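Undergrad: structural data only, the sequence is not supplied:
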Ligand SMILES: NC(=O)c1ccc[n+]([C@@H]2O[C@H](COP(=O)([O-])OP(=O)(O)OC[C@H]3O[C@@H](n4cnc5c(N)ncnc54)[C@H](O)[C@@H]3O)[C@@H](O)[C@H]2O)c1
């Protein structure tokens with residue numbers, strides 16, 4: 001894999017997942033050599049991740065893509081791959097994702113998201129890989145009362161184990177920037193959606209259930225709000241971050257935390273109404289109390305991303321839901337697994 005010409009090798013942890021597989025595709029389109037490092041865990045059906053990787057592979061006919069089956073907590077394997085590939089940048093997306101499941105197994109979340117992140121940074125420091133991008137989350141803002149959420153807001157009050165692990169990841173990143181002169185961007189993603197979205201996430205779950213005529217569970221009164229980011233916009237933001245971290249040779253060490261959202265709030269009731277309209281089908285709704293760990297709202301101030309990365313999200317929610325539903329229908333038509 002080593003002697004390719006081009007802008008260099010990017011190691012993407014979690015490359016078989018929702019965001020990771022889209023990112024691998026974009027990187028290949030832009031001429032990078034890409035190594036995905038993923039353990040295909042059973043958080044959701046493994047065959048979905050295999051399908052994601054097949055899709056990435058189909059975009060690369062010139063051997064520029066390698067999928068490595070591996071766990072970021074397997075230090076020996078991780079170091080071996082890093083030493084062999086010597087990536088220009090590591091984009092770290094592998095994680096136990098999801099707020100609610102983190103309440104059931106907080107130790108596992110810490111093990112993967114905190115210990116795993118530190119092992120990866122150790123490998124970077126050991127191999128003199130200076131460029132690193134970390135997938136953080138809007139959940140670090142907890143129930144921040146000020147909107148929109150800015151990177152300078154206090155994030156000392158996470159309300160779920162997942163959020164705490166993401167905040168911990170940001171802190172560990174800072175430490176490696178400081179001690180090893182790395183250039184690091186921590187990106188706070190705001191609910192990402194679109195084709196291949198994780199089946200546990202609300203848009204995917206609701207669309208599937210409404211389509212089947214079954215009842216959806218709506219937590220709270222429908223007034224909780226989210227800033228939803230279409231996958232292509234999220235990926236453009238990550239690519240902007242990549243250009244910023246790698247910049248010119250010998251650029252000074254740097255560390256930035258940056259929001260990536262659409263900067264628009266959609267209520268749960270509006271989200272359901274938009275899916276109903278797109279599917280042409282009414283939802284049957286069971287109302288349940290708000291879940292512990294869920295935040296009331298998320299809303300990104302994206303001025304820093306605009307300024308630093310030239311980030312300019314372009315897909316409004318209605319259009320994005322249209323693309324998502326088209327994708328879901330195409331899977332159903334092909335008889336492929338959706339969850
Ligand atoms: N999707 C969102 O809305 C959202 C929002 C905020 C933050 N994030 C973060 O973005 C990243 C990607 O999220 P996603 O939605 O694509 O999730 P995903 O679950 O689809 O992808 C994560 C991938 O990481 C892999 N993985 C998990 N543990 C691993 C380990 N120990 N070693 C190697 N690989 C491992 C999984 O197999 C999976 O393919 C995660 O870090 C997540 O916390 C996502």
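TA: Thanks, I have it. Treat the numbers as computed from the prediction; the structure is a model and nothing was measured.
Undergrad: from now on I want contacts and neighbour counts done on CA atoms only, so please keep to that.
TA: OK.
Undergrad: if you count neighbours, what's buried in stretch 42-56?
TA: Along stretch 42-56, these residues count as buried under the neighbour rule (16 or more other Cα atoms under 10 Å): 46, 48-49, 51-53, 55-56.
Undergrad: actually, stretch 195-203.
TA: Applying 16+ other Cα under 10 Å to stretch 195-203 flags 195-200, 202-203 as buried.
Undergrad: and this structure, which residues reach the ligand?
TA: Remark: the part of the chain in contact with the ligand comprises 14, 16-20, 38-41, 70-73, 93-97, 112, 135-137, 189-192, 198, using Cα under 6 Å from any ligand atom.
Undergrad: inside helices: which ones of these?
TA: Filtering the residues of the chain next to the ligand for membership in helices, criterion DSSP state H, returns 18-20.
Undergrad: can I get those residues in TSV including pLDDT?
TA: Putting these into TSV (pLDDT from 0 to 100) gives the following:
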residue	pLDDT
18	98
19	98
20	98
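Undergrad: thinking again about what came up before, please spell out the ChimeraX selection for the buried subset of the residues of the chain next to the ligand.
TA: Buried residues among the residues of the chain next to the ligand (16+ other Cα under 10 Å), as a ChimeraX selection:
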select :14,16,17,18,19,20,38,39,40,41,70,71,72,73,93,94,95,96,97,112,135,136,137,189,190,191,192,198
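Undergrad: show me the residues of the chain next to the ligand that map onto strands.
TA: Restricting those to those inside strands, with DSSP state E as the criterion, leaves 38, 135-137, 189, 192.
Undergrad: make JSON lines from the residues you listed and add distance to residue 64 to it.
TA: Converted to JSON lines, those look like this (distance: Cα to Cα, whole Å):
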{"residue": "38", "distance to residue 64": "17"}
{"residue": "135", "distance to residue 64": "24"}
{"residue": "136", "distance to residue 64": "27"}
{"residue": "137", "distance to residue 64": "30"}
{"residue": "189", "distance to residue 64": "27"}
{"residue": "192", "distance to residue 64": "27"}
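Undergrad: all strands of the stretch 51-200 of the chain, in order?
TA: Listed in chain order, the strands of the stretch 51-200 of the chain (DSSP state E, counting those that start in this stretch) span residues 65-69, 89-92, 131-137, 183-189, 192-193.
Undergrad: now do the third one: which elements does it pack against?
TA: Secondary-structure packing of strand 131-137 (3 or more Cα pairs under 8 Å, 6 or more residues apart in numbering; DSSP states H and E): strand 89-92, helix 161-180, strand 183-189, helix 231-246.
Undergrad: give me the number of residues near residue 145?
TA: Under the neighbour criterion other Cα atoms under 10 Å, residue 145 is assigned a count of 11.
Undergrad: pLDDT below threshold where in the stretch 1-150 of the chain?
TA: Residue ranges of the stretch 1-150 of the chain with pLDDT under 70: 1-5.
Undergrad: what are the phi and psi values at residue 262?
TA: As for residue 262, its main-chain torsions (degrees, to the nearest 10) stand at phi -100, psi -10.
Undergrad: and for the one 10 residues further on?
TA: Geometry field for residue 272 lists phi and psi as phi -60, psi -40, criterion degrees, to the nearest 10.
Undergrad: residues in contact with it?
TA: In this structure, residue 272 makes contact with 206, 283, judged by Cα atoms under 8 Å, 6 or more residues apart in numbering.
Undergrad: excluding chain neighbours, what is closest to the most centrally placed residue in the chain?
TA: With the centre of the chain defined as its mean C-alpha position, the nearest residue by Cα atoms, centre = their mean is residue 19, 5.0 Å away. Ranked by Cα to Cα, 6 or more residues apart in numbering and with sequence neighbours excluded, the top spatial neighbour of residue 19 is residue 231, at 7.1 Å.
Undergrad: closest one of the ones in strands among the residues of the chain next to the ligand to residue 223?
TA: Ranked by distance to residue 223 (Cα to Cα), those are led by residue 192 at 19.3 Å.
Undergrad: name the residues linked to that closest one by a beta bridge.
TA: Legend: beta-bridge partners of residue 192 under DSSP bridges are residue 229.
Undergrad: which residues touch it?
TA: Contacts were defined as Cα under 8 Å, 6+ apart; by that measure residue 192 touches 228-231, 234.
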